[in-house]
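Q: Predicted structure and sequence below. I'll ask about it afterward.
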Amino acid sequence: MIPAPAVPTALRPYVAARIPYDVAFGAPGVHRGLPSTTLTLVLPLDEPLRVSWPDWSDSLHAAWGSLSGLHTAPAAVHHDGAQRGIQLALTVAGARVLLRRPASDLAGALTDVDQAVVPLALRELPERLHDLPSWPARVALVDRTLAALAAASGDLAPRAEVARALALLTSGAAVAGVAAEVGYSRRRLSTLVRAECGLTPKEFQRVARLETTRQVLGRRPLAEVAAVCGYSDQAHLTREWSALAGCTPTTWLRDEFPFVQDRRDDQDAGSEHD
């Protein structure tokens, strides 16, 4: 991965990660884009990013600016042996502030930024990146573009109680407890959460738990990972990974580890700039 400064403080409510990448896989192939609690915006440099849903052959999508909403199945990211670009993880609040639309509008979708109903500055960003000669200049352009969008957004953040509910679900709180905490019935909570992000509270919670396990897989035994991340046991963890990621945790580590490790190292390095 490319060393880069941490996401600017003003953007952190909207951008969970901003990762410049230059990855050599050694041979053409496909890697998995796992479900997460953030929307993914990828700005490739060498060729359009090709993404599809594995079990839907007609879903193959190629774009210079690829935007995917929240989803509960893995995406298939196709490559020719190497990839370069900048990947952004946009929060649910970031969807409203930076994309000017709720995350639910993009749930389960693979969208070309150039064709999506998003601000002009985002649609123009891929072409502007191609004109720049260095990684620092590219990262700076992305940061400036997003900062300008955030500054001009006004009051577009999700309603406070929905944002609170999503934060509690991400932390692993039970759905019934979250509903009580924010003062809604479970049915009302489900309606509001789905309207905001496109997933039900339970789906969002499952994806958040999967996301949490990605940070510790390969560093601790699977039984410990299961216990720490809120699964009833290792078998439960494996079932959830098979359902949401399309593979077991062990398979994912074997297939994706070089890419995963590079991303970890890059994020760890970035945090040193905080």
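A: Received it, and whenever you're ready, just let me know what you need.
Q: Just the endpoints, please. Distance across stretch 73-85?
A: Using C-alpha to C-alpha, to the nearest Å, the end-to-end distance of stretch 73-85 comes to 23 Å.
Q: Okay, domains of this structure per the record?
A: Domain segmentation of the chain under automatic domain parsing yields 9-156, 160-248.
Q: I'd like these laid out as CSV, including distance to residue 255.
A: C-beta: built from backbone N, CA, C; applies to glycine. Listed next are those as CSV, based on distance: least, C-beta to C-beta, whole Å:
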stretch, distance to residue 255
domain 9-156, 7
domain 160-248, 7
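Q: Is it possible to get TSV of the ones you listed that adds distance to residue 254 and mean pLDDT?
A: As requested, these are exported to TSV (distance: least, C-beta to C-beta, whole Å; pLDDT from 0 to 100):
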stretch	distance to residue 254	mean pLDDT
domain 9-156	12	93
domain 160-248	9	95
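Q: Now residue 88: which helix or strand?
A: Take DSSP states H and E as the rule and residue 88 turns out to sit in strand 82-90.
Q: related to what we said a few turns ago, using JSON lines, lay out the domains of the chain together with distance to residue 2 and mean neighbour count.
A: Shown next, in JSON lines, are the domains of the chain (distance: least, C-beta to C-beta, whole Å; neighbours: other C-beta atoms under 10 Å):
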{"stretch": "domain 9-156", "distance to residue 2": "4", "mean neighbour count": "18"}
{"stretch": "domain 160-248", "distance to residue 2": "21", "mean neighbour count": "17"}
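Q: Tell me which of the ones you listed approaches residue 3 most closely.
A: domain 9-156 (8.3 Å; C-beta to C-beta).
Q: what's the first-to-last distance across that closest one?
A: 18 Å.
Q: what do you get for stretch 211-228?
A: In stretch 211-228, first residue to last residue: 13 Å (C-alpha to C-alpha).
Q: one step back: the helix or strand following the strand holding residue 88 - contacts with which helices or strands?
A: Counting by DSSP H and E, the next helix or strand C-terminal to strand 82-90 is helix 92-94. Contacts defined by 3 or more C-beta pairs under 8 Å, 6 or more residues apart in numbering; DSSP states H and E place helix 92-94 against helix 160-170.
Q: Quick one: the helices in this structure, in order.
A: For the chain, the helices defined by DSSP state H cover 92-94, 120-130, 135-151, 160-170, 175-182, 186-197, 201-214, 222-229, 234-245, 249-271.
Q: What average pLDDT does the last one get?
A: This means helix 249-271. The average pLDDT for helix 249-271 rounds to 58.
Q: returning to that earlier point: direction included, what does the strand holding residue 88 pair up with?
A: strand 15-24 (antiparallel), strand 39-44 (antiparallel) (DSSP bridges).
Q: the inter-axis angle of it versus helix 135-151?
A: Angle of strand 82-90 versus helix 135-151, following axes from the mean of the first three to the mean of the last three C-alpha atoms, to 10 degrees, is 20 degrees.
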